[in-house]
Structures are given as structure tokens and as C-alpha cells.
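Undergrad: Need a 3D model of the sequence below.
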Amino acid sequence: MISDLSHCCEQGRVSSIALLNELDRLVDAGKIGDLDLVLSADGVDHGNKEAVNKINKAIQNYFTSTQYSLMKYKLTSEALCIALWEMDVSLNDPINLDNEIIWSYEVRQMLGFSDEHEFPNVLGSWIDRLHPDDKDGAVEAVLMHLFDYSGKTVFDVEYRLKHRSGEYRYIHAYGTSQRDSIGVPLRFAGAMRDIEDSKQTQHQLMRMANELKTALLNLQEANHVKKEFLSRISHEMLTPLNAITGMAQVVMQSGIPESVEHNMHIIKEASSKLLIMINNLLDFSRGDDDGFKLQESEFSFEKMFRDSSKAVQQSLIQKRHSFRHEIDPSIPKSLLGDKNRLSQVIIHLLENAVKFTPPGGDIRFFANLLFEDHDSVILLIEVIDNGIGMSKEQQSRIFDVFSQVDESTTRNYGGIGLGLPLAKYIIGLMDGDIAVHSDIGEGSIFSFTCKLKKSGTRLDVSAS
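TA: Now for the predicted structure:
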């Protein structure tokens, strides 16, 4: 009854959790609105009746406001899913199992208990249910908080408590102390929250992360083995192929009959294409390793382009393609960068343009200065053809490793789908990007940007 609470108020021993527990009891009993008067005016002389009635009114108003505050307190704790506790601090033995501590109804409900008889208002109810691995840490957290008279050590700890069912559940507890003028703790109060579900989710995410990490390591190991295999087999193939190409060149220069020279030319051409494929495989095997690095040197862009275009000159003649090129005269005469890798990209784009353009086609090359500052330049390179072209879907995967436009492309034109991915990788190392614009039957435009340093040396670009 409310009169029980009034007695607590009269004695100056009002505990918010005690009030809250009594409120729960009154709610369960259906007496939430039953306010008993603490005093009665019966038998009091007329002169004092008015004073008694005023006292009754004041007390009734107090319990009405207290009841309202406690209802808000209860609703807040339920909304936050927290359970409250509080205790007077016994400095002589602060963690004695028999020390009184007031547990809220929610604490007992959280652990599967219903009343004080099942879960008494003593500290031992908590300590005895702590997980053995967490007990020392949880008790130490209480002591460190209480005996830090500066009040700076917060009580905020996670531990496992045994549920009535026998299972342990993770709990997050936090609290604060009421202290005297010199920091001695007088009263210790706080809240606890069941975090078992979030802990289980956290553990599951950690397991998934570990499984993903293991899978990634296995994938990296498999990728390393694959690249090691490609590197070794490519190296093993290079030696005999170089010998075949070299001997074919020697035989062709030895004055052999025209029919034999033609056959030797076929051998040399096939060997050269195979060498390009093997070198691409080697570059690919080093692509994600430190072995693939740009080698910076001073060079003339115009001379580098002329040397690069010689690689496709014979093919241009054989397919009767017209070839035009324009180089922006504002491009500095002397640059710093990896001319061999830049040449590799240009040669590959020119070879593709020649290869995928029917006889009598038109191939164009443009190099323009896109940006220049005191130390560097950005060039825009374009290779344009009027060949077979590509669809939008084909363009979306043209830079993927081992990708060809379709199976017929491999049958009709050869290649293993490494040239363009390597070109994209090299251009990326040069702080650039590569793109393609095309339509089926309308040809293709491959364009890329690259950043190169400026050199103060003036190179002779007239030498071939």
C-alpha cells in the first residue's frame, strides 16, 4: 500500500528502486490509484483539523507526483531494456556476500526469477552467479570504482551471469556513486542490460570475418601458385622460341630460294606472335607483385612513337590499310617515364586496330597535350579504326583478364585476352586511364591518358 511508502518517507529512507518495486506490486494488485491518507482528522479538535487536512493534502499531492515520476522512470527503464540496482556502501567489507543491495523487478525478470525469495536482496545473489572466468574482473571493477576517491574511475563492465535455466548470458553493467565531500562513497547505484543477442551476433560476425580471411588467404595462395606456374612455364618456352626466331632470321638472310624464304617468314611471324603471348603471360604473372615496376628514363615521345609504329608497318602494308598520325607539337621534346611500357601499350592498340579492321581500312593515331605544369604533363593518346567494332556488352568486359569479344574472335584473330588488361594495368601505373568507344560495324576508338615528368634535356629526335 502507499501507506507503506509513506512510512519510508517519514523515516527519510526513500529508495527509488524500492519505490519502483512497490509500484510494480501495486500495479499487479490493481491498486495504482489507491492513495491512503497517512493521517486522520478523526478525534482531532476543531482547531487542529484544518492543519491536519493541509498535511493530508500535501502528503497526497506528494504521492501523486511521486507515483507519476516513478511511472515515467519505469517506462524509461523498460524502453531502454535496463534493470536497476542500488546499495549502501560498506567500506569495511564492500563485497561481502551478505551486504544488502536492492534489485529491481527487471533484474530478477532478466535472470528468470520472480521475487525476493528466489533472488534475495544481497550482493551474493550477483557474485554467486558470475561466470568463473568473469568473477575476478567484475568484482575488481566494483572495488576500483568505489575506492577511487577522485571519482574518475567509471564502473562500466561486461560479464556473464547465470540465468535460472543454467545458461550464462552476457550482461553490460554500469553505475556511479554518491560520495561525501572528500570522495568517500556512500551509495552505489547503476543499471544492467542483457546483451546476449548482440554478443551472439558479434561472435557470428567475427566467425564470418575469420572464415572470409581464411578463404582470402587460400585464394591468394592459389593465385600465387598459378602465377608461379605461368612464370616458370613461360620462361621455359622463351629459350627455344628465341632460338627458332633467331635461326629463322639467319636462314632468311642466307640467300635461300623464294619458296623457302616464304615458309621461313611464316615460321618467324608465328614465333614472334608466340613470343608476344609469352611475354604478356610473364607480365601478367608479375602484375600484382613488386616485380612489375615502371623503369623511368629520358626519351623523346615522337621518336618512341616512330619506333613503335615500325612494329605494325608490315601488317599495314599486307592489309593495305592507310595509316595517319598526328602528334601535338606542344608536347615537350624530352620526357621522363617508362618509354618501353608506353610503347608496349601503343603497339598493342595499333596491332588490334590493324587486326580487327578488314583489308583496305583506315587507322589513325593522335597524341595531344592535355595538361602541363612546371614538373609534368598529361597526354591524351587515341587509336582510331573503322573495323568490326564492338557492342556495349562486349566493351564492358574487354579489359577483363583472359576476355575476348566472343569465341569467334579467338578462332578468327587469335590472342588469349591479356593485351588490353595489361595495357590498363600499365596505364594505371602511369596515373592514367584507358577507355573504348565503339559500335558494331562502325570501328573503335581506344583512348588513354598518361602522366609523364618533364625533362630539362633537349633530345635529338631526328635520328631513326
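Undergrad: And the helix or strand harbouring Asn210, what does it pack against?
TA: Asn210 belongs to helix 196-252 when assigned by DSSP states H and E. Contacts defined by 3 or more CB pairs under 8 Å, 6 or more residues apart in numbering; DSSP states H and E place helix 196-252 against strand 168-179, helix 258-286. The C-beta positions use only the backbone N, C-alpha and C, and glycine is treated the same way.
Undergrad: Between helix 196-252 and the first one, find me the angle.
TA: Spelled out, that is strand 168-179. 120 degrees (axes from the mean of the first three to the mean of the last three CA atoms, to 10 degrees).
Undergrad: List the pairing partners of strand 168-179 within its sheet, with orientation.
TA: strand 155-162 (antiparallel), strand 185-194 (antiparallel) (DSSP bridges).
Undergrad: hmm, back to that, Pro329 is nearest to which of the helices and strands packed on helix 196-252?
TA: helix 258-286 (32.1 Å; CB to CB).
Undergrad: quick one on the thing from earlier: just send the helices and strands packed on helix 196-252 back as CSV, with mean neighbour count too.
TA: Compiled in CSV, these are given as follows (neighbours: other CB atoms under 10 Å):
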stretch, mean neighbour count
strand 168-179, 18
helix 258-286, 16
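Undergrad: worst average pLDDT in these?
TA: For those, the weakest mean pLDDT is recorded on helix 258-286, namely a mean of 71.
Undergrad: the helices in the chain, which residues?
TA: 2-10, 16-29, 46-80, 105-110, 124-127, 132-146, 196-252, 258-286, 301-309, 313-318, 339-355, 392-396, 407-413, 419-429 (DSSP state H).
Undergrad: model confidence over the second one, on average?
TA: What it means is helix 16-29. Helix 16-29 comes out with an average pLDDT of 57.
Undergrad: so where's the stretch 351-464 of the chain shaky on pLDDT?
TA: Applying pLDDT under 70 to the stretch 351-464 of the chain flags the ranges 402-417, 456-464.
Undergrad: Please, where are all the strands along it?
TA: 362-372, 376-385, 434-438, 444-454 (DSSP state E, counting those that start in this stretch).
Undergrad: Now do the shortest one against strand 444-454, angle only.
TA: Read that as strand 434-438. Relative orientation of strand 434-438 and strand 444-454, computed by the same axes, to 10 degrees: 160 degrees.
Undergrad: Give me the residues contacting strand 434-438.
TA: Here strand 434-438 makes contact (CB atoms under 8 Å, 6 or more residues apart in numbering) with 389-390, 395, 398-399, 420, 423-424, 427, 444-448.
Undergrad: got the buried residues for that strand?
TA: Applying a neighbour-count criterion of 16 or more other CB atoms under 10 Å, one finds Ile434, Val436, Ser438 buried in strand 434-438.
Undergrad: Show me how far it is from its chain's centre.
TA: Here strand 434-438 is found 30 Å from its chain centre; the criterion is CA atoms, centre = their mean, to the nearest Å.
Undergrad: next one: stretch 159-167
TA: For stretch 159-167, the distance to the chain centre is 35 Å (CA atoms, centre = their mean).
Undergrad: Likewise for stretch 428-447?
TA: Put simply, stretch 428-447 sits 31 Å off its chain's centre (CA atoms, centre = their mean).
Undergrad: May I have it as CSV, with CA atoms only?
TA: Presented in CSV, the C-alpha positions along stretch 428-447 are these (Å, rounded to 0.1, in the frame of the first residue of the first chain):
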residue,chain,number,x,y,z
GLY,A,428,47.2,2.8,-64.2
LEU,A,429,50.8,2.8,-63.1
MET,A,430,51.2,6.0,-65.1
ASP,A,431,48.3,7.6,-63.2
GLY,A,432,46.1,7.4,-66.3
ASP,A,433,43.0,5.6,-67.5
ILE,A,434,42.0,3.8,-70.7
ALA,A,435,38.6,3.6,-72.4
VAL,A,436,36.9,2.4,-75.5
HIS,A,437,34.0,3.8,-77.6
SER,A,438,32.7,1.6,-80.3
ASP,A,439,29.6,0.4,-82.3
ILE,A,440,29.3,-2.9,-84.2
GLY,A,441,30.4,-2.3,-87.8
GLU,A,442,31.5,1.3,-87.0
GLY,A,443,35.0,0.8,-85.8
SER,A,444,36.5,1.6,-82.4
ILE,A,445,38.3,4.4,-80.6
PHE,A,446,40.7,3.4,-77.9
SER,A,447,41.9,6.4,-75.8
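Undergrad: Just the buried positions in it, please.
TA: The neighbour-count check on stretch 428-447 (16+ other CB under 10 Å) flags Met430, Gly432, Ile434, Val436, Ser438, Gly443, Ser444, Ile445, Phe446, Ser447 as buried.
Undergrad: In TSV: the strands paired with strand 168-179, plus mean pLDDT.
TA: As requested, those are exported to TSV (pLDDT from 0 to 100):
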stretch	mean pLDDT
strand 155-162	95
strand 185-194	92
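Undergrad: Redo those as JSON lines? Include mean neighbour count.
TA: As requested, those are exported to JSON lines (neighbours: other CB under 10 Å):
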{"stretch": "strand 155-162", "mean neighbour count": "19"}
{"stretch": "strand 185-194", "mean neighbour count": "18"}
